[in-house]
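Asker: here is my input; please provide its structure:
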Amino acid sequence: NTGISKIEITKYTAASTGVSIHWADVTENDFAYFQVEMLSGNSFTKVGTTSNMLGYQVNQLTPNKEYTFRVVGYDNLGNRGIPSDEVKITTIEDEIAPAITAVYPVSSCYKDKLSLQVRAQDNYAVQKAVFSYSTDKVNYTKIAEVQAGTPAANVTLSKEFDISKLPEGSIYVKFEVYDTSGNKNALLASGEDVITEYVIDRTPPAKVEGVKAVGTSGYIEINWKSEATQDIKAYKIYRANAQTGIFTEIQPAWNSRNYYDTNVETGVTYIYKVAAIDLAGNVGAASEECYATVVPDTEIPAITGMSPTSGKVVGMNPTIKVLAVDNAKLASVTLEFLAADSDQEIWTMIEEAATEDRSFLLETMWDTSELKEGKYYIRAIATDMAGNVSTIQQATYTLDKTAPQAPQLTAETGHFRVKLQISGEKGEDFSH
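Answerer: A predicted model of the protein is given here:
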């Protein structure tokens with residue numbers, strides 16, 4: 001029951017948020033580890049252990065504060081030794097500046113508000129963030145001072161900035177953070193504060209020109225000319241049935257300059273308008289109206305891929321993937337199987353999936369638990385909304401549900417290693 005002899009602390013140093021403690025080695029052969037303890041209230045608590053070092057770094061301490069430590073040794077049986085003499089160590093004042101790691105939003109155009117956000121880190125704790133703005137990058141007006149609810153080493157602080165009353169043009173927002181010791185964030189490599197330029201923009205973009213609509217087999221294609229300005233973010237697309245003339249928004253923010261409308265009916269005439277949306281969210285005037293009529297869809301869909309590829313050996317309950325596409329809109333994709341040695345050509349359903357997309361990936365498990373091993377035919381068929389049926393895509397698979405024989409494993413002990421030898425019969429379909 002005799003523990004390790006008394007530990008002798010030989011050296012200690014202090015930083016702002018941590019201390020380093022060193023001690024002399026012990027001579028006991030049954031030594032297990034050292035334990036570093038810190039006085040908390042009226043008793044000591046463990047802060048860490050080490051078995052191969054004669055020192056320990058205690059972190060996450062408060063700057064400019066006195067702490068009391070001691071070190072004790074334990075043997076292999078868990079017996080506690082004699083603790084060292086207590087040492088009082090005072091951390092130094094914190095002079096390390098916090099760092100800003102990210103600011104939001106990105107530099108761009110905005111109309112009514114800026115959702116300001118700053119992420120920062122510190123060696124101890126960030127206390128607050130200060131947001132300011134300027135129109136000349138010289139004279140700044142404070143927007144807000146945001147306190148961290150609980151100061152921490154990593155914080156995210158936010159502020160909604162109402163810019164609806166400010167004139168259009170550039171403004172510069174300065175982001176600052178301070179730690180609990182009053183240190184301000186480090187400057188950029190250029191020696192400047194962290195400042196982001198934003199543009200207040202309430203001017204709608206110009207009316208979209210050159211809008212055309214062309215009715216084709218099962219859908220209508222709408223396209224328009226590109227805007228000369230670079231601040232267009234997206235487009236609104238409006239559609240009306242020619243019989244009613246009532247427009248509804250079918251795309252609130254389309255990112256391309258052409259659009260395929262597949263949610264249409266054959267023989268019906270539709271009217272379209274397009275409006276541009278700029279980076280600030282301003283919506284321009286709608287374009288001139290254009291008309292198009294959907295013609296009957298006679299183009300068949302297509303099965304463009306199946307996985308696994310034909311000729312493969314598959315195991316129990318394999319996953320089958322089928323990719324189908326259509327010029328307008330798919331209705332369903334069907335997957336069936338037939339045993340190659342079947343006397344009757346009666347196909348069994350694996351899966352039938354409904355869809356309204358132009359492109360659809362059917363991914364399903366083929367339940368083979370009740371099937372015998374052997375060769376099987378798998379076929380896929382796609383049907384579109386007009387009733388057109390694709391050409392049948394067929395694959396051949398060999399179903400193998402028999403696992404390989406268990407291998408024989410032998411082990412040979414070596415110097416700092418164990419050599420494993422695997423042997424056994426390998427069938428023709430052995431993989432790994």
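
Asker: just the CA trace of the helix or strand hosting I143, in CSV.
Answerer: Following DSSP states H and E, one finds I143 within strand 141-162. Extracted in CSV, the C-alpha atoms of strand 141-162 (Å, rounded to 0.1, in the frame of the first residue of the first chain):
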residue,chain,number,x,y,z
THR,A,141,-20.9,56.2,-37.0
LYS,A,142,-21.5,53.4,-34.5
ILE,A,143,-24.3,51.0,-35.5
ALA,A,144,-24.2,48.9,-32.3
GLU,A,145,-22.1,47.4,-29.6
VAL,A,146,-23.1,43.7,-29.1
GLN,A,147,-22.0,41.9,-25.9
ALA,A,148,-21.3,38.2,-25.9
GLY,A,149,-23.9,36.6,-23.7
THR,A,150,-21.2,34.3,-22.2
PRO,A,151,-17.7,35.4,-23.1
ALA,A,152,-15.9,32.5,-24.9
ALA,A,153,-12.8,31.8,-26.9
ASN,A,154,-14.9,31.4,-30.1
VAL,A,155,-18.0,33.6,-30.6
THR,A,156,-20.4,34.7,-33.3
LEU,A,157,-22.0,38.1,-32.8
SER,A,158,-24.8,39.6,-35.0
LYS,A,159,-26.7,42.8,-35.6
GLU,A,160,-29.5,43.6,-38.1
PHE,A,161,-28.6,47.0,-39.7
ASP,A,162,-31.6,48.9,-41.2
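
Asker: which is the next helix or strand following it?
Answerer: With elements assigned by DSSP H and E, the helix or strand that comes after strand 141-162 is strand 169-179.

Asker: in that next one, what's buried?
Answerer: Applying a neighbour-count criterion of 16 or more other C-beta atoms under 10 Å, one finds I171, Y172, V173, K174, F175, E176, V177, Y178, D179 buried in strand 169-179. For glycine as for every other residue, the C-beta is placed from the backbone atoms N, C-alpha and C.

Asker: report the beta-bridge partners for the last one.
Answerer: Beta-bridge pairing for D179 (DSSP bridges): V126.

Asker: tell me the contacts of it?
Answerer: Residues counted as contacts of D179 (C-beta atoms under 8 Å, 6 or more residues apart in numbering) are D94, I96, A97, P98, D122, N123, Y124, A125, V126, Q127, P151.

Asker: now the residues you listed in CSV, with neighbour count?
Answerer: What follows is the contacts of D179, written out as CSV (neighbours: other C-beta atoms under 10 Å):
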residue, neighbour count
D94, 22
I96, 16
A97, 17
P98, 28
D122, 25
N123, 21
Y124, 23
A125, 22
V126, 27
Q127, 19
P151, 15
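
Asker: nearest to L157 among these?
Answerer: Closest approach between the contacts of D179 and L157, by C-beta to C-beta: V126, at 7.9 Å.

Asker: which ones are touching the closest one?
Answerer: Contacts of V126 (C-beta under 8 Å, 6+ apart): 98, 120, 148, 151-155, 157, 177-180.

Asker: hmm, which two among these are most spread apart?
Answerer: The span of those, defined through C-beta to C-beta, is set by N154 and Y178 at 14.9 Å.
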